[in-house]
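Participant: Sequence first, predicted coordinates after that:
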Amino acid sequence: MKILHSLLTVASLALAGLVSRAANDERPNVIIIYADDLGWGDLGCYGNPVILTPNLDRMATEGMRFTDFYSAAEVCTPSRAALLTGRYPVRSGMCHDRFRVLRNNSAGGLPREEVTLPELLQGRGYATGMVGKWHLGHLPEHLPPHHGFDSYFGLPFSNDMMPAPDAPKGRPKFFEENNAYWRTPLIRGTEVIEAQPDQRQLTRRYTEESVRFIREKKAAPFFLYVAHTFPHVPLFASERFRGKSAAGIYGDVIAELDWSVGEILGTLRAEGLDKKTLVVFSSDNGPWLIFNHHGGSAGPLREGKGSTWEGGMRVPGIAWWPGRIAAGVVQHEIATTMDLFTTSAKLAGATVPSDRPIDGFDISPLFFGSGLVLRDAYFFYRGSTLYAARLGHWKAHFITRSGYGDDQPEPHEPPQLYHLGEDPGERFDRAKENPAVIAKITEAVARHRAALQVAPSQLVATVPARAN
């Protein structure tokens, strides 16, 4: 009997192991590739006539390209908080009307009580890694290893935040490609490993780190967040890409980012992981237009980074999963970076938190062509203030302001109203002839505000800056 019992135990454990591995195999790997300040019109597959992006174009051809994909904020810090938490940044305190982003002397960071996507996936047995720009708190206690990432390699904030004391002032010379002017630290885990990394090599090094992570973690489900430093100014490209693009240094930088995407997708194919991996490419906000040829393009959209006009928050969105996402689909439904939180969690079998509002939707029905996503409305914040809201093709602006400049916020009563299907450039105000549409959007805004709890801002308190 003891022998029989032992054999049955071994058999049951083996069966459990097989079931566990089978369940494991059903959970996709998830990779999110996030550019910094990349405009809606900066890629070939989004109509750019000059910048060559063959790998991203192929990714779109083999997967799904969104035309109406949004970041949750118009600048870096709040958009990244929203991506990882699935929540409008006003709920987590990662925005402020005056202080737009965390600086190199900010004491705050993403609150520990926020639940991040890597934390959810860790709970489902995923290996989690981040490569690139964090910008959710630079002090050791705020860095990625304290928010669900097993490993981290990258910059703690934007690459322009620690200029050398002798850096020349003014534009454009201040932003010419000259690594001697910049001191932004490179971190592994929570430790600074280089005080002044060569920014010309960052995209290559991020790519090599990403490929290494994929190969090392391929035996089990993994989540990889690749947050590129570029095309945020100052612009840097490696020798292989410098001077090659007809679009100048900006085009060189985009070409190297495109190469990086090709390396990551190529690694997935080579390792037999392509049909087990969801990859999404997007950007944290629109192009930084004030930097002219060092900035990007929003294509036909109005304005850019820093504004709640379409060019500030509508960004490229490409989803790729061979065998699961049909090839060559152009998706016109609204989707957002916050949706990646909910969608990835559900695909991994994780439980989405029910003790707090989650603003991201499960958009897997859009990925798989199995249905639509019933979204009440989408809200556009600048800092902690709601500026606009979109419902279907209609977008109402309650307040308008350019991305950067000395202009003051301009309130509108009634709000300005634009039909984005007919007028993506937001040129023709249709408010007068559509009072019922304005009333419907205003009602949605009122419901949203009634349920909204604004968290104290994490962007206000300061500490001494990191040493150069």
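Facilitator: Sure thing, it's come through.
Participant: How is this protein partitioned into domains?
Facilitator: Per automatic domain parsing, the domain ranges recorded for the chain read 28-368, 378-450.
Participant: end-to-end on the first one?
Facilitator: Taking Cα to Cα, to the nearest Å as the measure, domain 28-368 stretches 14 Å from start to finish.
Participant: Show me where the stretch 101-250 of the chain has its strands.
Facilitator: Remark: strands assigned in the stretch 101-250 of the chain by DSSP state E, counting those that start in this stretch are 127-132, 151-154, 186-188, 191-194, 222-227.
Participant: Tabulate those in TSV, adding columns for mean pLDDT and distance to Gly383.
Facilitator: Yep, even glycine has a C-beta here, placed from its N, CA and C like the rest. Listed next are those as TSV, based on pLDDT from 0 to 100; distance: least, Cβ to Cβ, whole Å:
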stretch	mean pLDDT	distance to Gly383
strand 127-132	98	25
strand 151-154	98	26
strand 186-188	98	27
strand 191-194	98	30
strand 222-227	99	22
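Participant: Need the ones you listed in CSV (columns: distance to Thr85 and mean neighbour count).
Facilitator: Listed next are those as CSV, based on distance: least, Cβ to Cβ, whole Å; neighbours: other Cβ atoms under 10 Å:
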stretch, distance to Thr85, mean neighbour count
strand 127-132, 15, 25
strand 151-154, 17, 22
strand 186-188, 21, 18
strand 191-194, 25, 11
strand 222-227, 13, 25
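Participant: Make a markdown table out of the ones you listed and add distance to Pro163.
Facilitator: As requested, the strands of the stretch 101-250 of the chain are arranged in a markdown table below (distance: least, Cβ to Cβ, whole Å):
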| stretch | distance to Pro163 |
| --- | --- |
| strand 127-132 | 20 |
| strand 151-154 | 19 |
| strand 186-188 | 16 |
| strand 191-194 | 17 |
| strand 222-227 | 22 |
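Participant: Arg91 is nearest to which of these?
Facilitator: Proximity of the strands of the stretch 101-250 of the chain to Arg91 was assessed by Cβ to Cβ; the nearest stretch is strand 222-227, lying at 20.4 Å.
Participant: how far out from the middle of the chain is that closest one?
Facilitator: Strand 222-227 has its average C-alpha position 11 Å from the chain's average C-alpha position, going by Cα atoms, centre = their mean, to the nearest Å.
Participant: That one vs strand 127-132, what angle?
Facilitator: Here the directions of strand 222-227 and strand 127-132 differ by 10 degrees (axes from the mean of the first three to the mean of the last three Cα atoms, to 10 degrees).
Participant: which residues are contacting strand 222-227?
Facilitator: Taking contacts as Cβ atoms under 8 Å, 6 or more residues apart in numbering, the residues outside strand 222-227 that touch it are 29-34, 36, 80, 84, 117-118, 121, 126-134, 149, 154, 206, 210, 213-214, 260, 264, 284, 344.
Participant: Relative to that strand, what are the paired strands and their orientations?
Facilitator: The partner list of strand 222-227 in its sheet, established with DSSP bridges, is strand 29-35 (parallel), strand 127-132 (parallel).
Participant: Any buried residues in stretch 202-222, and which?
Facilitator: Buried residues in stretch 202-222, counting neighbours by 16 or more other Cβ atoms under 10 Å, are found at 202-207, 209-211, 213-214, 217-218, 221-222.
Participant: quick one: the closest residue to Phe368 other than its chain neighbours and Gly317, what's the gap?
Facilitator: Nearest-residue entry for Phe368: Arg324, 6.6 Å, with adjacent residues in sequence omitted and distances by Cβ to Cβ, 6 or more residues apart in numbering. Taken as Cβ to Cβ, to the nearest Å, the spacing of Arg324 relative to Gly317 amounts to 17 Å.
Participant: Can you read off the pLDDT for the residue lying closest to Tyr152 once chain neighbours are set aside?
Facilitator: Beyond its immediate neighbours in the sequence, the residue positioned closest to Tyr152 (Cβ to Cβ, 6+ apart) is Pro144, lying 4.0 Å away. Looking at Pro144, its pLDDT reads 98.
Participant: for the residue lying closest to Trp321 once chain neighbours are set aside, what are its contacts?
Facilitator: Using Cβ to Cβ, 6+ apart and skipping the chain neighbours, the partner closest in space to Trp321 is Leu278 (4.6 Å). Going by Cβ under 8 Å, 6+ apart, Leu278 touches 28-31, 319-321, 324-325, 344, 347, 367.
Participant: so what's Leu278 bridging to?
Facilitator: Leu278 has these beta-bridge partners by DSSP bridges: Val30.
Participant: Measure how far stretch 118-132 is from the centre of its chain, please.
Facilitator: Taking the mean C-alpha point of stretch 118-132 and that of its whole chain, the gap between them comes to 16 Å (Cα atoms, centre = their mean).
Participant: Residues contacting that stretch, please?
Facilitator: 24, 27, 30, 34, 84, 144, 147-155, 206, 209-210, 213, 217, 220-229, 344-345, 348-352.
Participant: Look up phi and psi at Asp355.
Facilitator: As for Asp355, its main-chain torsions (degrees, to the nearest 10) stand at phi -90, psi 10.
Participant: Give me the neighbour count for it.
Facilitator: Counted with other Cβ atoms under 10 Å, residues neighbouring Asp355 total 6.
Participant: And the pLDDT at it?
Facilitator: The predicted structure lists Asp355 with a pLDDT of 97.
Participant: hmm, back to that, tell me which of the buried residues of stretch 202-222 fall in helices.
Facilitator: Those of these mapping onto helices are 202-207, 209-211, 213-214, 217, per DSSP state H.
Participant: before we move on, back to that, just the closest of the contacts of Leu278 to Arg401, please.
Facilitator: Taking Cβ to Cβ as the measure, Ala319 is the one of the contacts of Leu278 closest to Arg401, at 31.7 Å.
Participant: Quick check: beta-bridge partners of the closest one?
Facilitator: When bridges are taken as DSSP bridges, the partners of Ala319 come out as Met64, Val280.
Participant: For the stretch 101-250 of the chain, just list every one of the helices.
Facilitator: Listed in chain order, the helices of the stretch 101-250 of the chain (DSSP state H, counting those that start in this stretch) span 117-122, 202-217, 248-270.
Participant: Over to the stretch 351-468 of the chain?
Facilitator: Chain-ordered helices for the stretch 351-468 of the chain, with DSSP H, counting those that start in this stretch as the definition, fall at 364-368, 435-450.
Participant: Those: which one's closest to Gly392?
Facilitator: Within the helices of the stretch 351-468 of the chain, the stretch nearest Gly392 is helix 435-450; the backing value is 8.8 Å (Cβ to Cβ).
Participant: Give me the distance from that closest one to the chain's centre.
Facilitator: Distance of helix 435-450 from the chain centroid (Cα atoms, centre = their mean) equals 28 Å.
Participant: got the buried residues for it?
Facilitator: Across helix 435-450, burial judged by 16+ other Cβ under 10 Å covers 437-438, 440-441, 444-445, 448.
Participant: from those, which is closest to Pro111?
Facilitator: Of all the buried residues of helix 435-450, the one with the least separation from Pro111 (Cβ to Cβ) is His448, at 21.5 Å.
Participant: Below-threshold pLDDT in the protein: ranges please.
Facilitator: By pLDDT under 70, the weakly predicted segments of the chain are 1-25, 170-174, 464-468.
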